[in-house]
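**Student:** Need a 3D model of the following:
(2 chains)
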Amino acid sequence: MKRIFHIRASSSQLGPLEERLLAALWQRGPATVRELQEGKGGCHDLAYTTVMTTLDRLFKKGVLTREAEGRAFRYAARFSREELHREAAGEAVRQMLDASPASSLPLSYLVEILTERDAQLLDDLGQLVENKRRELRSADSRNSAPKGKDQE
Amino acid sequence: MFAVRGIAVSFSVFVMVYCVLSLAVCSVWRSFLPHAQHSSVRRIADLLFALRIFPLATAAVITAAFTVPSFLLLEPRAIEEPIGGIPLVLGLCGAALGIFGLLNAAVAMRRASRAIRGWTQGANPIAASAPVPVLRIVRPVPALIAVGIARPRVLLSGAAESVLSANELQAALNHEVAHVRRRDNLKKLLLRFVAFPGMSALEAAWLEATEMAADEAAVWSAGEALDLAAALIKLSKLSPAEPTVDLTAALLHSPAATVNARVERLVAWSDACRVPPQKYSPWFGTTAALATMAVFAVTYSQLLVHLHTATEWLVR
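**Tutor:** As a prediction, the model looks like this:
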């Protein structure tokens, strides 16, 4: 969620407070400002106006939808967590493709990054296996040492 | 006309049961997993396969054991009853479903045999401690793969053989032998036959579980688990992920990110993880069979009458 995403061209990066309120809405479903502030696991530490203005900002960014309910609004997340991540990744790739004159170049960067990441992952896994092997060997030698002493 | 009506009714019942059960399985299979999370991965794989095959098996049993006998025994042959539009359409759908399944399975078999023919050109048998023939292939990919249904073999590339230590190679071969023993390629063929939209997530979960079940069956100690993990890592580095070929079981067929889960699982392996093959008492099976027979002996004729009434309603 730290990455930049654009639901609309004018929207910008989500701040920590925006992320927190969005996560609260994902967790509890549609809610009013009051419910978010007072409900179970809510944002008790935030002032009413802070929650209200943050939700309004998220609505204007196109991340939330809202419906009038009396004199207040009931806010709901427009996208699920997965959809938002997909949208963010898609937007990042679209921006990268738009920024490059040759369309094949960014794709090759992507493949390169994925390959590097895979290679790094495999190295990390190899290290994990080696560490475990060493652990097993030292456990074996610890187990065999007292036996040797007993035999002596 | 009697025979055509019988076929139409049988196919109609088959297609209705099959589609309803398939839709039910599509929507509820995930809810079975939390109950099975304490079971071995082999059991989970078996459960997922059983769920996947359940609609076909049940529809086939109901059609063969109830629909056809009820029609043959209770339908008067002398009356020239016309076939209604609904059973005709459903019957055609059932026939189309069967033909599609057969074609799908045939295409998969053709693709697999073509790929295997290509891989085994110039292959030599090698001496390996495995209960199935192991062939060394000339091509670098696939690195290690179990192929064949009636005549299973394991194919090993020269590059994979040279890069793995003796213990790693043995652990990797054990993994492939586990696929052969569990008849995973035959199960994949069955899945081709019962293709149904919306089942891909269940099939993917089953495939993942079969890989982990084969990993589990291939190792007997923490050391062997590490050998298999090392083999997975080395072969992942050796060649990129190979595209999956129908009806084969490659040691590696997914990118490094998904190998991650298998390696971490193997690294966390302890002797306590070794699940001995479950031995069921023959009494369980005998008792269940006798109980089923007793229930059918008492209710079979009633069931046939009820089913015939229902099919009569369907025909009209």
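
**Student:** Near residue B:68, how many other residues are there?
**Tutor:** The number of residues packed near residue B:68 is 17, by other CB atoms under 10 Å in any protein chain shown. Where you see a C-beta, it was placed from the backbone N, CA and C, and this is true even at glycine.

**Student:** Would you tell me what the next helix or strand after the host helix or strand of it is?
**Tutor:** Secondary-structure assignment from DSSP states H and E places residue B:68 in helix B:68-74. The helix or strand immediately downstream of helix B:68-74 is helix B:85-119, counting by DSSP H and E.

**Student:** Would you mark the buried spots in that following helix?
**Tutor:** B:87-88, B:90-91, B:93-94, B:97, B:101, B:104-105, B:108, B:112, B:115-116, B:119 (16 or more other CB atoms under 10 Å in any protein chain shown).

**Student:** Which of the residues you listed sits closest to residue A:133?
**Tutor:** Checking these against residue A:133 with CB to CB, the nearest one is residue B:119 at 32.7 Å.

**Student:** circling back: quick one: least confident of the buried residues of helix B:85-119?
**Tutor:** Minimum pLDDT across the buried residues of helix B:85-119 is recorded for residue B:87, with 79.

**Student:** What mean pLDDT does stretch B:144-152 get?
**Tutor:** Stretch B:144-152 comes out at a mean pLDDT of 92.

**Student:** Which residues does that stretch contact?
**Tutor:** If you take CB atoms under 8 Å, 6 or more residues apart in numbering or on different chains as the criterion, stretch B:144-152 is touched by B:112, B:116, B:119, B:132, B:153-157, B:160, B:172-173, B:176-177, B:179-180, B:183-186, B:189, B:235, B:247-252.

**Student:** what about the strands in chain A?
**Tutor:** A:31-32, A:64-69, A:72-77 (DSSP state E).

**Student:** for the shortest one, packing partners?
**Tutor:** It stands for strand A:31-32. Judged by 3 or more CB pairs under 8 Å, 6 or more residues apart in numbering or on different chains; DSSP states H and E, strand A:31-32 is in contact with strand A:72-77.

**Student:** same thing but 6 Å
**Tutor:** Strand A:31-32 sits against no helix or strand, with contacts defined as 3 or more CB pairs under 6 Å, 6 or more residues apart in numbering or on different chains; DSSP states H and E.

**Student:** Direction included, what does that strand pair up with?
**Tutor:** Paired neighbours of strand A:31-32 in the sheet (DSSP bridges): strand A:72-77 (antiparallel).

**Student:** do the second one as well
**Tutor:** Its sheet considered, strand A:64-69 pairs with strand A:72-77 (antiparallel) by DSSP bridges.

**Student:** Can you tell me what sits against the partner strand?
**Tutor:** Residues outside strand A:72-77 that contact it (CB atoms under 6 Å, 6 or more residues apart in numbering or on different chains) are A:25, A:26, A:30, A:32, A:55, A:64, A:65, A:66, A:67.

**Student:** tell me which of those residues is nearest to residue B:46?
**Tutor:** Relative to residue B:46, and with distances defined as CB to CB, the nearest of these is residue A:26, at 35.3 Å.

**Student:** So for the closest one, what's the pLDDT?
**Tutor:** The predicted local confidence for residue A:26 is 89.

**Student:** what does residue A:150 give?
**Tutor:** 50.

**Student:** ok, and the closest non-adjacent residue to residue A:20?
**Tutor:** residue A:43 (6.9 Å; CB to CB, 6 or more residues apart in numbering or on different chains).

**Student:** related to what we said a few turns ago, just the buried members of the contacts of strand A:72-77?
**Tutor:** Looking at these with 16+ other CB under 10 Å, the buried ones turn out to be A:25, A:32, A:55, A:64, A:66.

**Student:** residues in contact with the first one?
**Tutor:** Spelled out, that is residue A:25. residue A:77.

**Student:** Equivalent analysis for the fourth one, please.
**Tutor:** Under the criterion of CB under 6 Å, 6+ apart, the contact list for residue A:64 reads A:58, A:75, A:78.

**Student:** 7 Å instead?
**Tutor:** A:55, A:58, A:75, A:76, A:77, A:78 (CB atoms under 7 Å, 6 or more residues apart in numbering or on different chains).

**Student:** Need the buried ones from the residues you listed selected in PyMOL.
**Tutor:** Burial among these is assessed by 16+ other CB under 10 Å; the matching PyMOL selection reads:
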select buried, chain A and resi 55+58+75+77+78
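
**Student:** could you dump the contacts of residue A:64 to a markdown table with pLDDT?
**Tutor:** As requested, the contacts of residue A:64 are exported to a markdown table (pLDDT from 0 to 100):
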| residue | pLDDT |
| --- | --- |
| A:55 | 90 |
| A:58 | 90 |
| A:75 | 93 |
| A:76 | 93 |
| A:77 | 92 |
| A:78 | 89 |
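
**Student:** Among the contacts of residue A:64, which one lies nearest to residue B:282?
**Tutor:** residue A:77 (55.8 Å).

**Student:** who's the closest one bridged to?
**Tutor:** Under the criterion used (DSSP bridges), residue A:77 bridges to residue A:64.

**Student:** burial measure for the residue of the stretch 1-150 of chain B at minimum distance from chain A, as a count.
**Tutor:** Closest contact between the stretch 1-150 of chain B and chain A, by CB to the nearest CB, is at residue B:143 (14.1 Å). By the criterion of other CB under 10 Å, residue B:143 has 27 neighbours.

**Student:** That'll do, ta.
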